[in-house]
Structure formats: structure tokens, C-alpha cells
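**Q** Just the structure for this:
(chains A, B, C and D)
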Number of protein chains: 2
Amino acid sequence: MGRWQPGARGRLARAALELYAERGYEQTTVADIALRAGVTERTFFRHFADKREVLFDGSTALQAAIVGAVASAPDSMPPIEIASAAMITGSALLGDRDHARRRAAVIAANPSLRERELLKLAALGAAVAAALRERGIGEPTAALAAETGVTVFKIGFETWIADHNSGRAAPGDLAGCIRRAADRLKALAAEI
Amino acid sequence: MGRWQPGARGRLARAALELYAERGYEQTTVADIALRAGVTERTFFRHFADKREVLFDGSTALQAAIVGAVASAPDSMPPIEIASAAMITGSALLGDRDHARRRAAVIAANPSLRERELLKLAALGAAVAAALRERGIGEPTAALAAETGVTVFKIGFETWIADHNSGRAAPGDLAGCIRRAADRLKALAAEI
DNA sequence: GTCTATAGGGCGATAGAC
DNA sequence: GTCTATCGCCCTATAGAC
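**A** Numbering: from 1, shown residues only, chains lettered A, B, ... in the order given. Below you'll find the predicted structure:
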């Protein structure tokens, strides 16, 4: 047995979400999080760049999945369709709606956490735009399609976690919510 | 002569932009800004909530103008059109392209300033969505139209400041850039 | 792991404007 | 007199440097 237990990163992420929910983000110190996770304050900063980043651990994997889906979309698809479909593909990584809800509530309660989330979404948009350009789509088309895809993802995600039905009757799957948001947007654009 | 000169707020905002451009955001302390503006560090924090906020002093006025334009749009306009037109109306407040360029360069160079800008844009989107709901437009249509308007504003703004022509031949007006972005998006949506 | 600079909030005192 | 902007000194937590 070593001096420390493995899985410090996961314990820190879990402890942070719990504490932010229990007593609020500002009222939680990094020392509190480290204490609950059984490590030192210094260890926290070796795993996470700052106090906000600990809530966005999975974002890299999500972005990679979405970018991959953009790259492997069929050639015949129009840009906006590629972006929206990639969002739906990537959304499969976000299965646990209760966890997503708890996390979203914590983020919504604090402006500086909202800022970080928006930065992640902007980074996602930039990565999708780059992947579209890689397919030969020019600017500003690539940027517009990518931003629109992010919008559709965001609205779909919001309706997913806001959905009151948690039972089996209306499973409320994220993919369906995103697709409905995309359809709405298409209808809106058509009526101009 | 009194103990203090009036206009501390404006001097602080100007000093901050200069210093962030000269030596970088992270390399500038609030004490530096206060010194150049001829006030104390403490005074800075009475005018601005934090070190980033000093660059976004005009955002409230811009948002108010855009929300006002949404409220006074003709009844016959479709939601996305209302949002885009309101962005064009509000954009009249951003006349000085050189200043916009300098400010944008500073923001682009630093992630935490980018975060704050994204938060301002998200707040704008939320305000526009609320103004659309006020007109009887339901969700998620209001949110989608508002987000799309913000996207069009953002892309239009980027092309405006990226435009190499600063002479009279191609005046590069912001309103035109936003309108072109909106037209592009309409064309993209149509081809789905 | 220790040491330190900076952000940013709290509070009371003070000096102007009105 | 009131109201508000400024100052100065306290404090703690973050986050980077060593």
C-alpha cells in the first residue's frame, strides 16, 4: 500500500461538485475540496488549472467525439446538417441526466462558472469550425454553421434537463431534444 | 482645486485598455491602472466589480439599444428577422473601428477576458429572448431566434474588424457586415 | 511542500458636491 | 445638514513561483 489512494482526480471532482451544491461555489475553498478528497491543496492545482475547471473535466472528450463526427460525416451533407448531426452523435457521452442536472444547477448559480461553461462552448464551436474548414468549407460559412450547431446543442441540452418527465413514459433523451431544436431552427429560418 | 479630479471612471477605463495593450492583461496590476488614472486601487474596485469588467463598460448601453429595437419592431416581422434587425440597429453605437480593434486584440489575447466577453454576449442573448417573449413569442423559439441573432452579430463584428480596408473605397460599415452574415445564415439554412 | 504576490471584499474616516 | 466619491488599512483565498 502506497502513501496515497489512487483516483485523486475523480475524488476531487466529486467532492467539488458536492461542496459547490451544498454551500455554494464562493463559500467553498480549495482547501475544503482537498480535505474532503483526502489530498492536499497543492494536489488540487496539479490536477486542475483553477477552481472552476474541476467542473469541466469531461469537456475534452465530448469535444473530441463531436469533432470526430464532423470529420466522418458523408460528403453530401450540407454544413449546418453536419454540425447538428455531430452534436447528436457526441451527446451520447452525456447519459446521466441527474448528474447533468445537479451540475447545471451549480453552474447556473454562479456567474464565474457560467463564464467558464461559455468558454468551453466557444472552444467547441471553434473546433467544429476548424473541422468543417478541414472538409473544404470556407469562411464565414464554417463559423456560422459551427455556431449554429452549438446553439442547437445548447438549447437541446437545456430542454433535456428542464424536462419534468423522468419516468419511462417520456424517456427524454438528449439526442431527441437536440434534433427537435434543430428542426425548430430550420422552420424559423424558413419563414424569413 | 479639490482632492480629486472628476471622471475617474473614464480615466480608469482608458488607462486599463492602454496598459493591457502595452504589457498584457496578466502583467498589469490594478495598482498600475489606478496609478495611471491618478486614483487609488480601492477606487478602481468601487467603479468596476473586477479587473475584467473595466473593458466592458459600454455593454449595458448596447444591450439596452438592442432590446429597445426588439420591442419596437413591426408586428409582421418573423422572430429571427426581428433579432437580426435589432443587432443592426444597436450596432450604430459601435462607431470607432480602431478602438474596437484595439479592444478586440486585447480580449483575444487572454482567455479570462474572452470568458467575460462571452458572458456579456450570453446576457445579450437572454435579454433579447426575454424581449421576444414579451412580444408573445414562445419557447424555444424565442431562445433560438435570440441566439441566432447573437451569432450573426458576433460573426458580423468579427468580419468588420478583420476587414483590411480602412479607406473610403470600402468603408466597411458594421451594419453591412451583420446583414451579410444574416444573409449567409439564411442561405445555409435554406440548403438543408 | 513552502513562500509570496495579487485579487477583491469589509469597514470606517474624510472631503467634496448640493 | 445630506449624499456620494475617495482613501487607507484590514483581511482571506487564489494561484503562481521557487
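**Q** Going by C-alpha atoms from here, please, whenever you check contacts or count neighbours.
**A** Fine.
**Q** Can you point out the buried residues in stretch A:148-164?
**A** Using 16 or more other Cα atoms under 10 Å in any protein chain shown as the test for burial, stretch A:148-164 gives A:148-161.
**Q** and if you look at stretch A:7-27?
**A** For stretch A:7-27, by 16+ other Cα under 10 Å, it's A:8-9, A:11-21, A:25.
**Q** I'd like to know which of the buried residues of stretch A:148-164 are part of helices.
**A** Judged by DSSP state H, the subset of the buried residues of stretch A:148-164 located in helices is A:148-161.
**Q** so which of these comes closest to DNA strand C?
**A** Distance ranking of these against DNA strand C, using Cα to the nearest atom of the strand, places residue A:154 first at 26.9 Å.
**Q** show me what contacts the residue most central in space within chain A?
**A** Centroid check for chain A by Cα atoms, centre = their mean gives residue A:59 as the closest residue, at 5.5 Å. Taking Cα atoms under 8 Å, 6 or more residues apart in numbering or on different chains as the criterion, residue A:59 is in contact with residue A:120.
**Q** Tell me how far it lies from DNA strand C.
**A** Using Cα to the nearest atom of the strand, to the nearest Å, we find residue A:59 at a distance of 24 Å from DNA strand C.
**Q** circling back: which of the buried residues of stretch A:7-27 fall within helices?
**A** A:8-9, A:11-21.
**Q** How about the residues of chain A by DNA strand D?
**A** Residues of chain A that fall close to DNA strand D, judged by Cα under 7 Å from any atom of the strand: A:28-31, A:49-52.
**Q** of those, buried ones?
**A** When the residues of chain A next to DNA strand D are checked for burial by 16+ other Cα under 10 Å, the buried set is A:28, A:30, A:51-52.
**Q** which SSE is the residue of chain A found nearest DNA strand C in?
**A** Closest contact between chain A and DNA strand C, by Cα to the nearest atom of the strand, is at residue A:42 (5.7 Å). Assigned by DSSP states H and E, residue A:42 belongs to helix A:41-47.
**Q** avg pLDDT for that helix?
**A** The average of the pLDDT scores along helix A:41-47 is 93.
**Q** biggest separation within the residues of chain A next to DNA strand D, which pair?
**A** A:28 and A:49 (16.5 Å; Cα to Cα).
**Q** ok, the longest helix along chain A near DNA strand C or not?
**A** Taking DSSP H as the criterion, chain A has its longest helix at helix A:111-134. No - counting by Cα under 7 Å from any atom of the strand, DNA strand C is not contacted by helix A:111-134; separation bottoms out at 9.4 Å.
**Q** now do stretch A:8-17
**A** No - Stretch A:8-17 is not in contact with DNA strand C by Cα under 7 Å from any atom of the strand; minimum separation 12.7 Å.
**Q** Alpha carbons only: can I get that stretch in CSV?
**A** Taking Å, rounded to 0.1, in the frame of the first residue of the first chain, the C-alpha atoms of stretch A:8-17 are listed here in CSV:
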residue,chain,number,x,y,z
ALA,A,8,-7.5,11.6,-6.5
ARG,A,9,-8.7,13.4,-9.7
GLY,A,10,-12.1,11.7,-9.6
ARG,A,11,-12.4,12.2,-5.8
LEU,A,12,-11.6,15.9,-6.2
ALA,A,13,-14.1,16.3,-9.0
ARG,A,14,-16.8,14.6,-7.0
ALA,A,15,-16.0,16.5,-3.7
ALA,A,16,-16.1,19.8,-5.6
LEU,A,17,-19.5,19.2,-7.1
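**Q** Residue A:76: neighbouring residues, count only.
**A** 7 (other Cα atoms under 10 Å in any protein chain shown).
**Q** Sorry, wrong one. I was asking about residue A:131.
**A** Other residues lying near residue A:131 total 21 when counted by other Cα under 10 Å.
**Q** list the contacts for residue A:90?
**A** Here residue A:90 is in contact with A:62-63, A:65-66, A:69 (Cα under 8 Å, 6+ apart).
**Q** Out of the residues you listed, which is nearest to residue A:122?
**A** residue A:63 (10.9 Å).
**Q** if you skip the residues just before and after it, what's nearest to that closest one?
**A** Nearest non-adjacent residue to residue A:63, counting by Cα to Cα, 6 or more residues apart in numbering or on different chains: residue A:124, 5.9 Å away.
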